[in-house]
Every structure is written in C-alpha cells, then in structure tokens.
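S.K.: Let's see this in three dimensions:
(one chain, ligands or ions: 1)
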Amino acid sequence: MSLIVVTGVSSGIGRATAELFAREGWTVVGTVRDPQRIEGHQWGGDVRIEQADFAEPGSGERLAVRVLERHGVPDVLVNNAATLLFGPIEDATQAEVEEVFRVNVFEPVALAMGLVPAWRERSSGLIVNVTSLGGRMAFPFFAAYNASKHALEGFSEGMWHELKAFGIRVKAVEPGFVETPIYDKAMRGESVLEQVSASYRKPVEAMIAFEANIGKRTSPGDAAREIRDAVLDESDRLRYPISAYARPLIAARRWFGEMRVMRFFHDRWMGR
Ligand SMILES: NC(=O)c1ccc[n+]([C@@H]2O[C@H](COP(=O)([O-])OP(=O)(O)OC[C@H]3O[C@@H](n4cnc5c(N)ncnc54)[C@H](OP(=O)(O)O)[C@@H]3O)[C@@H](O)[C@H]2O)c1
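M.R.: Residues are numbered from 1 along each chain as shown. All right, here's what the predicted structure looks like:
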C-alpha cells in the first residue's frame with residue numbers, strides 16, 4: 001500500500017486528486033485549513049485529514065513532523081495548496097505579497113525539506129509541486145501569484161538536481177485553466193473592482209471579462225488524472241504542463257518568441 005500526502009484537499013484539484021488516489025487504493029493524507037469544510041465528505045477510500053494553514057510561519061515543517069509521526073514515511077508529496085492574489089501590484093500590500101509567497105512557496109518547500117531526511121534514508125521519494133502555466137509566463141494583475149509560481153518552478157528545478165543522487169525525484173505539474181473555486185475566491189466577488197485604484201479599473205475590468213470568457217476549462221477530475229499519470233511516470237522528467245491551454249501556450253511562446261506572444265496578448269488582456 002502506498003502513502004501520498006496531498007495539501008489543500010478542501011476543494012478543486014486537491015480534492016479530486018485525493019479522491020482519485022484513495023479510489024485507486026492509496027492511503028491519502030490530505031490537508032485542510034478548516035476541517036469543517038470537508039465534514040461528512042465521502043472520499044471513496046482511505047483519506048486521513050491533517051489541519052494546516054500555510055499562512056502560519058513554520059506550518060510546513062510542523063506538518064512534516066506530524067505526517068512522519070502519525071502516518072509514517074510517505075511515498076509521494078503533492079504540494080497542491082495555494083492562494084491567488086488578484087489585482088494591480090501597485091495596490092497590493094507587502095503583507096499580502098508575503099502571504100502569497102509563504103503559502104505558495106516557503107511552507108511547501110519547508111514541508112518537502114522536512115520529509116527529505118526520511119526519504120534519503122530509504123533512497124526514494126517523490127515531490128510533485130503543483131505550479132502553474134503562470135509559473136512559465138505572467139498575466140497582468142496576477143503578478144504576485146505568478147511570481148510565486150515562478151519561484152516554485154525554480155525551487156523544483158534546483159531540488160531536481162540536488163536530490164537526484166539520493167533517489168528523490170521532483171516534478172513540477174503546470175495546470176492551465178481548471179474549473180475550481182480559486183478564481184471565485186480571488187477575482188469574481190462583486191467588491192473586487194471597487195477595491196481597485198481608479199487608474200487600473202478599466203484594464204482590470206477587461207482582464208476579469210477575459211477570464212470569464214475562457215470557455216474550455218479542464219475539470220478537476222481530469223486534472224487529477226494528469227497528476228496521477230505524472231506521479232506514476234517513473235522517468236526523471238521535471239515539467240508536466242497539464243489541463244486546458246497549458247501545452248499550446250507554452251509551445252506558442254517557444255515557437256513564435258515570447259515578445260511576439262506577449263504583445264499579441266497585451267491588447268486583448270488590457271483592453272486597449
Ligand atoms: N484552477 C486553475 O485553473 C489552476 C491553474 C494553475 C494552477 N493551479 C494550481 O492548482 C492548485 C490547486 O488549486 P485549485 O484551482 O484546485 O484551487 P482551490 O480549489 O482554491 O484549491 C486550493 C486549495 O489550497 C488551499 N489553501 C489556500 N490557502 C491555504 C492556506 N493558507 N493554507 C492551507 N491551504 C490553503 C485551499 O483551502 P481553502 O478551501 O481553505 O481555501 C484549497 O484546499 C494550486 O496550486 C493552484 O495554484 C490551478
């Protein structure tokens with residue numbers, strides 16, 4: 001029986017990933033901020049819940065200790081939990097940007113590093129960092145979130161080199177657009193526009209409209225299946241663009257050049 005840790009299983013891709021692995025016979029340790037959110041949820045298999053709020057400094061390291069003590073050495077860690085900050089970077093406070101980096105980068109990296117000594121001892125382990133298409137390119141008004149995903153990409157590639165000799169593999173899974181609550185939480189509330197400084201209101205409105213018009217999104221279940229395939233891929237491949245638009249957009253930047261693609265999208269995104 002294999003043991004997998006999936007962070008952020010209260011909704012979206014994390015929940016679907018926990019359900020998929022549980023149905024396929026794995027023991028899943030899933031983390032949530034608020035256990036009430038998943039009370040009574042039927043997982044379809046063995047899912048054990050740990051509470052963790054990655055906005056708290058030290059939470060990643062503490063979670064690693066708890067996982068090892070209560071559940072044993074996991075075979076796989078999926079760093080899925082993340083928070084999205086939407087809006088002009090000029091409007092964002094330093095504290096908000098720091099929280100994005102803590103939740104999306106610092107604590108997930110600390111959690112992984114907390115498991116590395118146990119993995120080194122048994123010469124195996126797999127870290128799957130859920131980054132983003134936004135870890136390969138940036139979108140206006142998603143700068144802090146995109147920067148955090150670029151940082152997690154950088155950590156992933158660095159760790160890939162550093163941990164390979166110990167039999168520990170690292171993968172970065174890069175979703176495009178998946179239908180989950182992450183956008184509702186950050187950019188679809190009625191008050192979002194009201195909080196934006198007047199100078200940015202028009203382009204922010206255009207970006208909200210662009211996001212709302214993205215038609216073909218991947219379902220969380222399909223994204224979870226692509227994550228499962230990456231987990232089961234025994235090769236040393238690092239990057240896995242998954243879900244709607246990730247592969248074509250990354251390829252377009254390579255084929256046409258990043259400046260041409262940036263200029264092409266700029267007008268559409270900024271509405272001018
Ligand atoms: N959906 C997409 O199109 C898309 C695209 C690219 C990348 N991704 C990435 O995919 C992953 C999953 O996102 P999703 O789309 O499935 O969004 P989601 O449904 O909002 O799931 C995010 C998960 O992270 C948890 N989380 C947020 N802040 C946290 C904190 N401070 N401490 C602990 N957990 C926290 C959320 O818990 P709460 O329920 O308590 O908020 C939730 O369980 C993320 O890494 C995201 O960046 C998604």
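
S.K.: The top strand by length along the chain: which residues count as buried?
M.R.: For the chain, the strand reaching the highest residue count under DSSP state E is reported as strand 168-175. With burial defined by 16 or more other C-beta atoms under 10 Å, the residues of strand 168-175 counted as buried are Ile168, Arg169, Val170, Lys171, Ala172, Val173, Glu174, Pro175. Bear in mind the C-beta positions are built from the backbone N, C-alpha and C, glycine included.

S.K.: nearest residue to the first one other than its sequence neighbours?
M.R.: Spatially, and ignoring its direct neighbours in sequence, Ile168 is nearest to Gly125 (4.2 Å; C-beta to C-beta, 6 or more residues apart in numbering).

S.K.: The ligand contacts on this structure?
M.R.: Contact residues (C-beta under 6 Å from any ligand atom) of the chain with the ligand: 8, 10-14, 33-34, 37, 52-55, 80-83, 103, 130, 132-133, 175, 177-178, 180-182, 185.

S.K.: Can you say which of those residues are buried?
M.R.: 8, 10-14, 33, 52, 54, 80-83, 103, 130, 132-133, 175, 177-178, 180, 182.

S.K.: Show me which of the buried residues of strand 168-175 is closest to the ligand.
M.R.: The ligand lies nearest to Pro175 out of the buried residues of strand 168-175, by C-beta to the nearest ligand atom, at 3.7 Å.

S.K.: residues in contact with the residue nearest to the closest one when sequence neighbours are not counted?
M.R.: Counting by C-beta to C-beta, 6+ apart, Pro175 lies nearest to Ser243, which is 4.4 Å off, once chain neighbours are set aside. Contact partners of Ser243, counting by C-beta atoms under 8 Å, 6 or more residues apart in numbering, are Pro175, Gly176, Phe177, Val178, Arg217, Thr218, Asp222, Ala223, Glu226.

S.K.: Let's see which of these end up in strands.
M.R.: Those of the contacts of Ser243 lying in strands (DSSP E): Pro175.

S.K.: nearest residue to the residue in the chain that the ligand sits nearest to other than its sequence neighbours?
M.R.: Going by C-beta to the nearest ligand atom, the ligand is nearest to Gly12 of the chain, at 2.2 Å. Spatial nearest neighbour of Gly12, excluding adjacent residues (C-beta to C-beta, 6+ apart): Thr180 at 3.2 Å.

S.K.: Surely the one you found is within a helix?
M.R.: No. The assignment for Thr180, made by DSSP: H, G, I helix; E, B strand; the rest coil, is coil rather than a helix.
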